[in-house]
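J.: task: produce atomic coordinates for the following.
(chains A and B)
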Number of protein chains: 2
Amino acid sequence: MTAGTPADETTDTETAIMEATYRALQKHGYADLSISNIADEFEMSKSLLYYHYEDKDELLVAFLDHIIGRFSEDIAVDAWTDPEVQLRSFFDRLLPTTLATDRREFQVALFELRAQAPHHETYRERFTTTDRLIRETIAEYITAGIEENDFRDVDPDETAQLFLSVINGGMLERVTTDDSDPIEDLRGALDDYVSRYLTVAEPI
Amino acid sequence: MTAGTPADETTDTETAIMEATYRALQKHGYADLSISNIADEFEMSKSLLYYHYEDKDELLVAFLDHIIGRFSEDIAVDAWTDPEVQLRSFFDRLLPTTLATDRREFQVALFELRAQAPHHETYRERFTTTDRLIRETIAEYITAGIEENDFRDVDPDETAQLFLSVINGGMLERVTTDDSDPIEDLRGALDDYVSRYLTVAEPI
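T.: Purely as a prediction, here's the structure:
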C-alpha cells in the first residue's frame, strides 16, 4: 500500500483520535471525560471523531485495544536476550521508581476505568487481555530462564501470576495512597526474590 | 458505663448505620450509592441517619474508619502463635480461594471507592492507613519469624511491601477480570515462596 491511500488516512485519523483520548484522559480523568473534551484535544475536523465512534464508551474500548496493541508490540519476548535481564527490564518498565506526572495521571485514569470493569463486560474483557499478556510474557521469561538453567525450577505460571499481582498492586498503591514510595521497597523485594531465590547461583 | 446510657445508644446507632452502609454498598456499588438507599437498609428512624452524617461523603469516610477499626482488631499479632502459621492464615483471610457473592460485591465497592482516592484526599488517607496496617502486620510476623530463626534474614519491610502488593493486586484482578481464578495460582506461588525461600529448613 502506498502513502496517501484511504486506508492510510483512516489509520492516521484513528491514531490521532487515540492520542487525543490519551491527552483528554490525563487532563480530565475517566469520570469527567466526554466526547467533547476528547474533541478539544483533537487537531483534525471534529466531525471525523463523531464519524468514527458513536459514543464515549465505544471510543474507550477502541482506546483500550489501541494501548493493548502498543503494549504487546513493546514487550515481545526477545529470544536473544538473557531472561533475567528481560525480567528485570520488565519491572523497570512497569514499576519505574519515579513516575512523571503525565504517566501518573494516565495510570489514575486507567484505574478509574478498571474500577468500572466489574459491571462492564467489554472493559473487563480488555483488562483480562492485558493481565494475560503480562502474565504470559513473564511466564515465557521464566520458562526460558529455567531451560537455560539460570532459574530454579519454579512453576512458571504461578510465579508469573505472583509478579503480575505485584505489578498491579504496586501500580494501584502508588496512585491511591500518600506513601511517598511503596515502589522502592517493592523493587527491593523483587530484586531480592530474583537474585536470592529465582536465580540459580553460578558454580564457583 | 452501664447499658442504656446515651453513649451506648450512639454506638448502637452508629453500628446500625455502618451495617446499613455495608448492605447498600453491596447492593448498589459506590457510583449509585445515595444517603437514600442507605436509609432503605436502615431499620431505625431515618432522621437518626441524617442527624449523624451530613452527606454521603462524610458517611463513607466514617464507614472506612469503621472497617479499618474492625480489621485492625481482627489482625492483631498474637505473640503465642507461630509466625509462619499467622502469615499463612493472613493470606487465607485476605485472599481466600473462593469468595462469596456478598464479599465479592463489597470488594467491588471498595475498589470503586479506592479509584476515587487519587482525587479525594480523605479517602486516600484511609487507604494509606489500611495499606500501612497490612504492611506493618506482615512485617511483624516476618520480624518474629526471623528472631525465632524460622525465617531467613530478609528485609521485613520490603518483604511485607511485596506481600501487600500481591494482596492488593490479587484482590483487584479477582473482581476486574474474567479469569476464573487468578487467586489459586497466586496462593500456589505464595506457598512456594514461604516454604522454599522464606522458611529456613529444619536441621535434619
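
J.: right, and the helix or strand after the biggest helix by length in chain A?
T.: Using DSSP state H to define each element, chain A has its longest helix at helix A:121-147. Using DSSP states H and E, the helix or strand that follows helix A:121-147 in sequence is helix A:156-176.

J.: got a list of contacts for the helix or strand that that next one is followed by?
T.: Remark: after helix A:156-176, the chain's next helix or strand is helix A:182-192, criterion DSSP H and E. Identification of contacts with helix A:182-192 by C-beta atoms under 8 Å, 6 or more residues apart in numbering or on different chains yields A:88, A:91, A:95-97, A:163, A:166, A:170, A:173-174, B:131, B:154-155, B:157-159, B:161-162, B:164-165. Every C-beta, even on glycine, is put in place using the N, C-alpha and C of the backbone.

J.: ok, A:Arg174 to chain B distance?
T.: Separation of A:Arg174 from chain B (C-beta to the nearest C-beta, to the nearest Å): 10 Å.

J.: wait, isn't that residue in contact with A:Thr97?
T.: No: using C-beta atoms under 8 Å, A:Arg174 is not in contact with A:Thr97, being 10.3 Å away.

J.: higher neighbour count, the two?
T.: Of the pair A:Arg174 and A:Thr97, A:Arg174 is the one with more neighbours under other C-beta atoms under 10 Å in any protein chain shown, namely 22 against 10.

J.: contacting residues for A:Ala139?
T.: Listed by C-beta under 8 Å, 6+ apart, the contact set of A:Ala139 reads A:156-157, A:159-160.

J.: picking up where we left off before, anything in contact with each of A:Arg174 and A:Thr97?
T.: A:181, A:183.

J.: about what we covered before: most neighbours out of the contacts of A:Ala139, which is it?
T.: With neighbours defined as other C-beta under 10 Å, the most crowded of the contacts of A:Ala139 is A:Thr159; it has 27 neighbours.

J.: circling back: reformat the contacts of A:Ala139 as CSV; add distance to chain B and pLDDT.
T.: Shown next, in CSV, are those (distance: C-beta to the nearest C-beta, whole Å; pLDDT from 0 to 100):
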residue, distance to chain B, pLDDT
A:Pro156, 10, 96
A:Asp157, 6, 95
A:Thr159, 6, 96
A:Ala160, 8, 96
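
J.: low-confidence stretches in chain A?
T.: Confidence mapping of chain A against pLDDT under 70 gives the ranges A:1-10, A:77, A:180, A:202-204.

J.: geometric centre of it: which residue is closest?
T.: A:Phe71 (5.9 Å; C-alpha atoms, centre = their mean).

J.: for it, give me its contacts.
T.: Here A:Phe71 is in contact with A:130, A:133 (C-beta under 8 Å, 6+ apart).

J.: how near is the closest residue to A:Ile146 other than its chain neighbours to A:Phe127?
T.: Distances taken as C-beta to C-beta, 6 or more residues apart in numbering or on different chains put A:Asp153 closest to A:Ile146, at 5.8 Å, once the chain neighbours are dropped. Counting by C-beta to C-beta, to the nearest Å, the gap between A:Asp153 and A:Phe127 amounts to 31 Å.

J.: check contacts around A:Thr122.
T.: A:57, A:61.

J.: next one: A:Ala79
T.: Applying C-beta under 8 Å, 6+ apart, the residues near A:Ala79 are A:Ala144.

J.: that one: what secondary structure?
T.: Following DSSP: H, G, I helix; E, B strand; the rest coil, A:Ala79 is assigned to coil.

J.: so it versus A:Arg174, what's the distance?
T.: From A:Ala79 to A:Arg174 the distance is 32 Å (C-beta to C-beta).

J.: what's the answer for A:Asp157, then?
T.: From A:Asp157 to A:Arg174 the distance is 26 Å (C-beta to C-beta).

J.: same check on A:Pro182?
T.: Distance of A:Pro182 to A:Arg174, given as C-beta to C-beta: 6 Å.

J.: ditto for A:His120
T.: Taking C-beta to C-beta, one finds A:His120 at 24 Å from A:Arg174.

J.: what is the burial count for A:Arg132?
T.: Neighbours around A:Arg132, by other C-beta under 10 Å: 15.

J.: so what's it closest to, chain neighbours aside?
T.: In space, and not counting its chain neighbours, A:Arg132 is closest to B:Asp179: 7.4 Å by C-beta to C-beta, 6+ apart.

J.: what's the neighbour count on the one you found?
T.: Neighbour tally, B:Asp179, other C-beta under 10 Å: 17.

J.: for the one 4 residues further on, same thing?
T.: Using other C-beta under 10 Å, B:Ile183 has 22 neighbouring residues.

J.: and if you look at A:Val85?
T.: Other residues close to A:Val85 by other C-beta under 10 Å number 11.

J.: next one: A:Asp55
T.: 10.

J.: touching, it and A:Ile35? I think so.
T.: Yes: with contacts counted by C-beta under 8 Å, A:Asp55 reaches A:Ile35, the gap being 6.9 Å.

J.: measure the spatially closest residue to A:Ser165 that is not a sequence neighbour to A:Asp82 for me?
T.: The spatially closest residue to A:Ser165, leaving aside those adjacent along the chain, is B:Gly169, at 3.2 Å (C-beta to C-beta, 6+ apart). Applying C-beta to C-beta, one obtains 26 Å for the distance of B:Gly169 from A:Asp82.

J.: same question, A:Val108
T.: Distance, A:Val108 to A:Asp82, using C-beta to C-beta: 34 Å.

J.: cool, A:Met18 as well?
T.: Per C-beta to C-beta, A:Met18 is found 34 Å from A:Asp82.

J.: and the two? Which one has more around it.
T.: Applying other C-beta under 10 Å to A:Met18 and A:Asp82 shows that A:Met18 carries more neighbours, namely 18 against 14.

J.: list the residues that contact that one.
T.: Residues in contact with A:Met18 (C-beta under 8 Å, 6+ apart) are A:62-63, A:66.
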